[in-house]
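[1] Quick one, structure for this:
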Amino acid sequence: MHKDELLELHEQMVLIMEYFRDLEHVDDSLFDAYEELSVTPDDVHMSKSEHKHAVFVLGNALATAMSEDEFSDAGRVGKRMQELAEDAESKL
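    Numbers count the residues shown, from 1 in each chain. Sure, this is the predicted structure:
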């Protein structure tokens, strides 16, 4: 995936995060790990690896938010996102 595509994916995932934040039954603290990274889709100067890590961390949080909703098997997706985030972080 090219960096510009990764930035677009990152931006779309942030929009999804904002949707979940607006839901009353979703705990905002789910997104704390992502927020602590301080990597946003607008940070084009940051490396592709940093954005990749942020996408996986955010993906984990989103999957966790969905698993508490009506979505099935989201817990497994969250676990895989966590593994990918750890792998991406080790490559930073």
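
[2] Could you find the closest non-adjacent residue to G59?
    Setting aside the residues directly before and after it, G59 is nearest to M81 in space (Cβ to Cβ, 6 or more residues apart in numbering), at 3.9 Å. C-beta: built from backbone N, CA, C; applies to glycine.

[3] pretty sure the one you found is touching A63, no?
    Yes. Shown here, M81 and A63 form a contact pair, counting by Cβ atoms under 8 Å, at 5.6 Å.

[4] Let me know the average pLDDT across stretch 65-83.
    Across stretch 65-83, pLDDT averages out at 70.

[5] Now stretch 32-42: buried residues?
    For stretch 32-42, burial by neighbour count (16 or more other Cβ atoms under 10 Å) applies to Y34, L37, V39, T40, P41.

[6] what's the helix or strand containing R80 packed up against?
    Taking DSSP states H and E as the definition, R80 sits inside helix 74-90. If contacts are counted by 3 or more Cβ pairs under 8 Å, 6 or more residues apart in numbering; DSSP states H and E, helix 74-90 sits against helix 48-67.
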